[in-house]
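K.L.:
Quick one: sequence and predicted model below, then my questions.
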Amino acid sequence: MAPQAPAPQPHPAAAPRPRRAATALAAMASAAVLATAAAPAAYAAGPATGKQLPKGLYGSKDPQYDGVWRQSTALLAQHTVGVRPAASAVDWLAGQQCADGAFTAYRADPGTACEAGTLRDTNQTAAAVQALAAVGGHGEAVQKAVRWLTSVQHKDGGWSSMPGGQGGEVSDANSTAVVIGALAAAGEKPESVTAQGGKSPYDALLGFRLGCEAKEGERGAFTFQLKNAAANADATAAAVTGALGKGFVVAPAGKSADRAIKPLSCEKGEDGADDRNAVADAGAGWLVGQLDAGGQHLKSAMPGAEDQPDVGNTADAVVALAAGSHGAAAQKPLAWLEKNAADWAKQGGPAAYAQLIFAAHATGADPRAFGGTDLVAALDATGPKPAGSGAPSSAAEKDARDSGADGGIGVWWVIGIGLAIGAGAGFLISGRNKSKTAL
């Protein structure tokens, strides 16, 4: 799962997402972007935009729609691989928070209070929660953000990307999934976070699943919103990780993790709609069925480019498969990403690099040697120099991951509240232009 622009019919941005992930640029932002301390920030020149960009901010493109998302995913990816982020980068993110706990996509002047009309964003807020919980030292900010998220929970138990905006009372799968990842990161039990009437985030999320009543080719998939009930790969990848209670970061599955995928079966008239594990399995099965003939990547539904590979959705699918311990099923798309995603990530920027790092970590691959690209170094280069870095993974550590052992990549510098993701969602926001139509 870049985040969302203030355009009609706002929806979550899951960009390069994605997590696991979930948020996609609205139409206005899609046209502008190609293909998450309280004092005012200091500014430095922005090389790609010509504008003055804040000191500590990752990326050089205009942060109007994805500043908090890309910063959050960048910091979380660094932490995941043992890199200690620069204090200025963490301070910039923390300083973006509104007094009520919410985050917007970007505040040029954090010293000015958020107004009632400021477009608060659940996706950016949920991404910031996962990052700040991981790096540690921001417990109060995390809890304020969680309180705000629960205050805008819909009666169905879910969330929209921009509460209060046009369409803001209609929950969607991506936003609900990324908030589930944030709740888990903050130490909450998502099933216990209920709306008035008793509905939980899982009740809402499983409601987006297309069951036996759907067309045969869509059964097991998730739809973005109920009003547009079509199978959607972005929403499905996000929802699979969310249904498993995970966020952007998924514990390494390893190549030997080969739990069989159980696609949706409608022969007995039972579609397991109330069983989160069964629903996640069915979603994983649908994703595998959507891969190209070689089982390597998902395809884009962008107009005029039906056969074009969708790098971001493929990365999200890899995380989703790993989240369900389907490590073997993730290997072909992972190998395809290693061969083909470097240019996409370079163009997409920090959130895209983070998305690939999440996919590598979830499968036990080495993000420092990802098809000849050091994703960690590339991400580090998009922002302020890190405060410290763990040593590259040893062969012994890599072998342990490949055997299915639970372990991280590199050294954890700061122990914060445990993260689970994939995104949520996965489902990152950044430069990827995610289609909300079926693949």
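P.N.:
Okay, I see it.

K.L.:
in the stretch 301-439 of the chain, which spans are helices?
P.N.:
Using DSSP state H, counting those that start in this stretch, the helices of the stretch 301-439 of the chain run over 311-323, 327-340, 342-348, 350-363, 375-380, 395-402.

K.L.:
looking at the ones you listed, which is closest to residue 190?
P.N.:
For the helices of the stretch 301-439 of the chain, the distance to residue 190 is smallest for helix 311-323, at 14.5 Å, taking C-beta to C-beta. Bear in mind the C-beta positions are built from the backbone N, C-alpha and C, glycine included.

K.L.:
For that closest one, which helices and strands make contact with it?
P.N.:
Of the remaining helices and strands, those touching helix 311-323 by 3 or more C-beta pairs under 8 Å, 6 or more residues apart in numbering; DSSP states H and E are helix 233-243, helix 276-290, helix 327-340, helix 342-348, helix 350-363.

K.L.:
related to what we said a few turns ago, I'd like the helices of the stretch 301-439 of the chain written out as CSV, with mean neighbour count and distance to residue 124 added.
P.N.:
As requested, the helices of the stretch 301-439 of the chain are exported to CSV (neighbours: other C-beta atoms under 10 Å; distance: least, C-beta to C-beta, whole Å):
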stretch, mean neighbour count, distance to residue 124
helix 311-323, 34, 17
helix 327-340, 21, 25
helix 342-348, 20, 17
helix 350-363, 34, 12
helix 375-380, 23, 19
helix 395-402, 16, 31
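
K.L.:
re earlier: among the helices and strands packed on helix 311-323, which comes closest to residue 90?
P.N.:
helix 350-363 (14.2 Å).

K.L.:
Report the angle between that closest one and helix 327-340.
P.N.:
Inter-element angle recorded for helix 350-363 and helix 327-340: 140 degrees (by axes from the mean of the first three to the mean of the last three C-alpha atoms, to 10 degrees).

K.L.:
If I take helix 350-363 and helix 311-323, what angle do their directions form?
P.N.:
Helix 350-363 runs at 30 degrees relative to helix 311-323, counting by the same axes, to 10 degrees.

K.L.:
any idea how far helix 350-363 is from the chain center?
P.N.:
Relative to the chain's own centre, helix 350-363 is displaced by 10 Å; criterion: C-alpha atoms, centre = their mean, to the nearest Å.

K.L.:
Please work out the average pLDDT along that helix.
P.N.:
Throughout helix 350-363, pLDDT has a mean value of 98.

K.L.:
Kindly report the same for stretch 119-139.
P.N.:
Per-residue pLDDT over stretch 119-139 has a mean of 97.

K.L.:
buried ones in that stretch?
P.N.:
Residues of stretch 119-139 classed as buried by neighbour count (16 or more other C-beta atoms under 10 Å): 119-135, 138.

K.L.:
residues contacting the closest residue to residue 294 other than its chain neighbours?
P.N.:
Here the nearest residue to residue 294 in space, its sequence neighbours aside, is residue 332; by C-beta to C-beta, 6 or more residues apart in numbering that works out to 7.2 Å. With contact set as C-beta atoms under 8 Å, 6 or more residues apart in numbering, residue 332 has these partners: 291, 294, 295, 296.

K.L.:
one step back: which stretch among the helices of the stretch 301-439 of the chain comes nearest residue 286?
P.N.:
Across the helices of the stretch 301-439 of the chain, residue 286 has its closest neighbour in helix 311-323 (10.0 Å, C-beta to C-beta).
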